[in-house]
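*Asks:* sequence plus the predicted model coming up.
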Amino acid sequence: MFNKKLLAVLVVLALTAHSNDALFCLSCTATVSPRHCHTLQKCEDGKVCFTQRYSGINGEVLYDTGCHTPSICSKRTTQHLVKSLSHNPAYPHTEQCVECCSSDACNHKGCGSPDYPTRRGPLCFNCQQSVDPTFCSSVQVCDENEICHLHEEVEFGESIFVQSCSQKHICDSGSPYVFGKRSTERCLKCCNSDLCNGECAAVTTTTTTTTTTTTLPTTTLQYSSPFDCWEIFHNGFNTTGIYQIYPWGPGKKSIDVLCNMDVDPKGWTVFQWRHPLTENFTRNWEEYKNGFGNVSGEFWLGNEVLHLLSTAHPTQFYIGISSTNGGSWYEKFDNMTVASESDNYRITLGNASGTAGDHSTQIDHAGGMNTLQFSTYDRDNDANPNSCAANYKGGWWFNYCHYVFLNAARGFSYAETIYSNRISNMSSFNSSILMITRMY
Ligand SMILES: [Ca+2]
């Protein structure tokens, strides 16, 4: 079995306690303007929000944003950055500005970039499902007539939080969210200031449902309609194999997935498997969205399912690769999310650990994939003037273009660099596995 050697790896998850004092900063790379960045990062103590403006390959103005130590804005550091960027082939032109600020999302207008529209609603957390509203890292600016909204459902004993912009009348009309007799709404919050829907502390409305006499199906399973392989594992199934999950919720359509119960922490939902590289991975946007291949062979599970699973719970991401000369490596990333289709399935990755090397998150490099949108040959969302997906014949989170690319076409020798420093081309690529599980 793949990566058996690696099963004994202990992962220590450092769970960061939520602090009300934490500074939130917009965190994106290569955006045309910071105000178009929809990812919010909770900074470590002592860090500030930064904006960095520079010229892209065609001379277009681009911005990176995020948390950083204030030293990035010191004169000496700025000069050093200008020097290092000008030697990076991805950024032939020098950086133009680095600016710091220290209030929530203040870097949405850093380095002289355009501010949010003057007529706008609040900046709100925007997550369709999260196990804790403080884990939400996606934001959007609401329309003028909208407010920030947060509500909690309890389903099968688990709390699920939904955060979004909503019409004001949603709050005026009480509770519009009733998802059947198994749901009890707990927290419903409507508020009208930036980032006010990040937690449930101030509950504006509480509704209590009356006890239902409906007899629920008797079952010994903890999760009768498992959402993912994590729930299947916690239902007591600890053998790697194909199982049925309900990513769209109980009573909705189910799909077959490969659950990996070998790698710790067990309960991984596999979303890509390649070996022996016979499946065609040169597919269009819709095929990558909905998935293709055979779940008992080689496949891509689908970006839509990946989005649903990775945004419902804090998610750990695993990349496993092996080469034809017998080498195998893995890398794990904390806090992985894949945004919705409206954000072109943008991927976000947290801290990395493993043996393969963190070539996916090198934010200042042209080939890192962290915070990037997905591209296919018919949907070009990369930073390259050409289409990376068309040139390299597979869908991926391309930048300009890649350090890691595990969906390359078989026999396509031009697709060099399958995994930077590990697998240099298709002829030495033996297998890959991509999978996710809950961090806790
Ligand atoms: Ca392009």
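*Replies:* Received, thanks.
*Asks:* residue 316 touches residue 440, doesn't it?
*Replies:* No. Applying Cβ atoms under 8 Å, one finds residue 316 not in contact with residue 440, separated by 9.2 Å. (Glycine included, C-beta is placed from N, CA and C.)
*Asks:* looks to me like residue 432 is in a strand.
*Replies:* Yes. Assessed by DSSP: H, G, I helix; E, B strand; the rest coil, residue 432 belongs to a strand.
*Asks:* let me see the contact set for the residue positioned nearest the centre of the chain.
*Replies:* Nearest to the mean C-alpha position of the chain, counting by Cα atoms, centre = their mean, stands residue 337 at 1.8 Å. For residue 337, the contacting residues are 137, 138, 310, 311, 315, 347, 348, by Cβ atoms under 8 Å, 6 or more residues apart in numbering.
*Asks:* and for residue 271?
*Replies:* 300, 301, 302, 305, 306, 434, 435, 436.
*Asks:* how much space separates residue 381 from the ion?
*Replies:* Distance check for residue 381 against the ion: by Cβ to the ion, to the nearest Å, it reads 7 Å.
*Asks:* state the pLDDT value of the residue nearest to that residue when sequence neighbours are not counted.
*Replies:* Nearest residue to residue 381, sequence neighbours excluded (Cβ to Cβ, 6 or more residues apart in numbering): residue 373, at 3.9 Å. At residue 373, the pLDDT value in this model is 97.
*Asks:* is it true that residue 373 touches residue 383?
*Replies:* No. In this structure residue 373 lies outside contact range of residue 383 using Cβ under 8 Å: 9.7 Å.
*Asks:* what ranges do the strands span in the stretch 301-440 of the chain?
*Replies:* Taking DSSP state E, counting those that start in this stretch as the test, the strands found in the stretch 301-440 of the chain are 315-323, 328-333, 337-338, 347-348, 352-354, 429-438.
*Asks:* any chance of those in CSV, with distance to residue 230 and mean pLDDT too?
*Replies:* Compiled in CSV, the strands of the stretch 301-440 of the chain are given as follows (distance: least, Cβ to Cβ, whole Å; pLDDT from 0 to 100):
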stretch, distance to residue 230, mean pLDDT
strand 315-323, 10, 95
strand 328-333, 15, 94
strand 337-338, 16, 98
strand 347-348, 19, 96
strand 352-354, 19, 93
strand 429-438, 5, 95
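*Asks:* looking at those strands, which is closest to the ion?
*Replies:* Closest to the ion of those, according to Cβ to the ion: strand 347-348, at 16.9 Å.
*Asks:* pairing partners for that closest one, with directions?
*Replies:* strand 337-338 (antiparallel) (DSSP bridges).
*Asks:* rewinding a little: which one's more surrounded, residue 316 and residue 440?
*Replies:* residue 316 (22 against 11; other Cβ atoms under 10 Å).
*Asks:* if you drop the residues flanking it in sequence, what lies closest to the more buried one?
*Replies:* Residue 316's closest residue in space is residue 439 (Cβ to Cβ, 6+ apart), at 4.9 Å.
*Asks:* quick check: that neighbour touching residue 317?
*Replies:* No. If you go by Cβ under 8 Å, residue 439 and residue 317 don't touch, sitting 9.9 Å apart.
*Asks:* between those two, who's got more neighbours?
*Replies:* For residue 439 and residue 317, the more surrounded residue by other Cβ under 10 Å is residue 317, and the numbers stand at 27 against 20.
*Asks:* if I look at the more buried one, how far off is residue 122?
*Replies:* 31 Å (Cβ to Cβ, to the nearest Å).
*Asks:* what does residue 409 give?
*Replies:* 45 Å.
*Asks:* which residues touch the one residue in the stretch 151-300 of the chain that gets nearest to the ion?
*Replies:* Closest to the ion within the stretch 151-300 of the chain is residue 285: 14.2 Å, counting by Cβ to the ion. Residues near residue 285 by Cβ under 8 Å, 6+ apart: 376, 378, 379, 395.
*Asks:* and the spatially closest residue to the second one that is not a sequence neighbour, how many neighbours does it have?
*Replies:* So that's residue 378. In this structure, residue 378 finds its nearest non-sequential neighbour in residue 284, 4.8 Å apart by Cβ to Cβ, 6+ apart. Applying other Cβ under 10 Å, we find 14 residues neighbouring residue 284.
*Asks:* ok, residue 284 - contacts?
*Replies:* For residue 284, the contacting residues are 376, 377, 378, 379, by Cβ under 8 Å, 6+ apart.
*Asks:* can you count the residues close to the residue nearest to residue 381?
*Replies:* Residue 373, neighbours per other Cβ under 10 Å, totals 19.
*Asks:* could you do residue 362 as well?
*Replies:* For residue 362, the neighbour count with other Cβ under 10 Å is 17.
*Asks:* and it, how close does it get to residue 369?
*Replies:* Taking Cβ to Cβ, one finds residue 362 at 9 Å from residue 369.
*Asks:* okay, and the common contacts of those two?
*Replies:* Counting by Cβ under 8 Å, 6+ apart, the residues touching both residue 362 and residue 369 are residue 403.
*Asks:* do you know how far the residue nearest to residue 381 is from residue 336?
*Replies:* From residue 373 over to residue 336 (counting by Cβ to Cβ), the distance is 15 Å.
*Asks:* same question for residue 144.
*Replies:* The gap separating residue 144 from residue 336 is 34 Å, by Cβ to Cβ.
*Asks:* more neighbours: these two, which one.
*Replies:* Neighbour count, other Cβ under 10 Å: between residue 144 and residue 336, residue 336 has more, with 23 against 9.
*Asks:* report the beta-bridge partner residues of the residue nearest to the more buried one when sequence neighbours are not counted.
*Replies:* Computed as Cβ to Cβ, 6+ apart, the closest residue to residue 336 that is not its neighbour in sequence is residue 317, at 3.7 Å. Beta-bridge partners of residue 317, counted by DSSP bridges, are residue 333, residue 436.
*Asks:* so the residue nearest to residue 304 when sequence neighbours are not counted: helix, strand or coil?
*Replies:* Distances taken as Cβ to Cβ, 6+ apart place residue 289 nearest to residue 304, at 5.5 Å, with adjacent residues excluded. Classification of residue 289 using three-state DSSP returns helix.
*Asks:* can you check residue 110 too?
*Replies:* Quick answer, by three-state DSSP: residue 110 is helix.
*Asks:* how near is residue 73 to residue 33?
*Replies:* Per Cβ to Cβ, residue 73 is found 20 Å from residue 33.
*Asks:* ok, what's across the strand from the residue nearest to the centre of the chain?
*Replies:* Counting by DSSP bridges, residue 337 is bridged to residue 348.
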